[in-house]
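[1] When you get a sec, could you give me coordinates for this:
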Amino acid sequence: TIGSAQLYVAEAEATGADIHYWWLLDQGHSWPGKPAQLDPSELFNSDIDTNQEIWAFFATHPRRRVAAPVGTGCGSGVDPPALSSDLPLLGRSLELRGSGVEPGAQGVLYFSGVPGENVVLAPGCTAYLELESVVAVAALQAGAEGRWSIVLPIPYDLALDGMELRIQAVFHAESAPGFELTNGLQLRLGL
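    Presented below is the predicted three-dimensional model:
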C-alpha cells in the first residue's frame, strides 16, 4: 500500500505469469500520478506514478520468448538465403519462413542446442548449429521464387519455458559448394 493506492500481486495458474493489479481510491479518469488534462477539478491519485510503475514492471519481467537471427546465409543468389520466424510461444504454432534459395531446391531443416562456437563449412558458409546435438526436423521444398515456409507446433509444456535452441536450413544447390545455408535462428521458447 502506498497512500490510498494498493498493489495486489497474483500468479496466473494456467501460465505462471505475474499479474499486478493496482486499486486506486480517489482516482477519477486521469492517469495516476498526473492531474487530469481536460478537467483540472477532477480527482486524481498522486500516490503512485503510473509511468514509473509500468517501467518497473517490464524491467523485472523481460520477454521470455525470442527469435533472433544469427549470422548470414550463403548461396549462389544475389541475396543470401534467409530464415525468419514468429516468436516461439508455448502452445502455439511456429511459422518458419525462408527465401533466397535456388527455385525448386530441396532441403532439410535442422534444430540443435546453442553451440559454443560456429563451424565454417566452406568459405563464407557457416553452420550456426551445435553439430553434436543436431536433429533433422523436416524436409523442405522451395517454390518457384526460392521461397518456402513450414508450420511446426510447439507443445504447451512449462518444462520448455526458457529453452534455447538454434535452427538452420540446408538446401541442395547445383552451384559450388553444392549446398546453400540459411542464417541461423536462435529461439528461446516461452509464454
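[2] what comes up buried for the longest strand belonging to the chain?
    Taking DSSP state E as the criterion, the chain has its longest strand at strand 164-172. Neighbour counts over strand 164-172 (16 or more other Cβ atoms under 10 Å) mark 165-171 as buried. All C-beta spots, glycine's among them, are computed from the backbone N, C-alpha and C.
[3] Could you do stretch 91-98 as well?
    Buried-residue list, stretch 91-98, by 16+ other Cβ under 10 Å: 94, 96, 98.
[4] ok, so of those residues, who is nearest Asp79?
    Within these, distances to Asp79 taken as Cβ to Cβ reach their minimum at Gly98, with 11.8 Å.
[5] got the angle between the helix or strand containing that closest one and strand 164-172?
    Element membership for Gly98, per DSSP states H and E: strand 93-99. Relative orientation of strand 93-99 versus strand 164-172 (axes from the mean of the first three to the mean of the last three Cα atoms, to 10 degrees): 40 degrees.
[6] Apart from its chain neighbours, what residue comes closest to the residue most central in space within the chain?
    The centre of the chain sits closest to Val66, judged by Cα atoms, centre = their mean, with a distance of 2.7 Å. Leaving aside its sequence neighbours, Val66 sits nearest to Arg188 (Cβ to Cβ, 6 or more residues apart in numbering; 4.1 Å).
[7] Could you pull up phi and psi at that neighbour?
    Note on Arg188: its backbone torsions stand at phi -120, psi 110 [degrees, to the nearest 10].
[8] Over to Pro80?
    Per-residue torsions, Pro80: phi -70, psi 150 (degrees, to the nearest 10).
[9] Test my guess that it contacts Gly98.
    No. Applying Cβ atoms under 8 Å, one finds Pro80 not in contact with Gly98, separated by 11.1 Å.
[10] which stretches of the protein form helices?
    Counting by DSSP state H, the segments of the chain that form helices are 50-60.
[11] Tell me which stretches of it form strands.
    Applying DSSP E to the chain gives strands spanning 5-11, 18-24, 66-70, 82-85, 93-99, 106-112, 119-122, 125-127, 135-141, 148-153, 164-172, 179-181, 184-188.
[12] Can you tell me which of the ones you listed is nearest to Ser46?
    Closest of those to Ser46 is strand 5-11, at 9.3 Å (criterion: Cβ to Cβ).
[13] Specify the angle between that closest one and strand 18-24 in degrees.
    Interaxial angle, strand 5-11 versus strand 18-24 (the same axes, to 10 degrees): 160 degrees.
[14] Specify the angle between strand 5-11 and helix 50-60 in degrees.
    Strand 5-11 runs at 20 degrees relative to helix 50-60, counting by the same axes, to 10 degrees.
[15] for the chain, what are the low-confidence residue spans?
    1, 13-17, 26-45, 61-64, 176 (pLDDT under 70).
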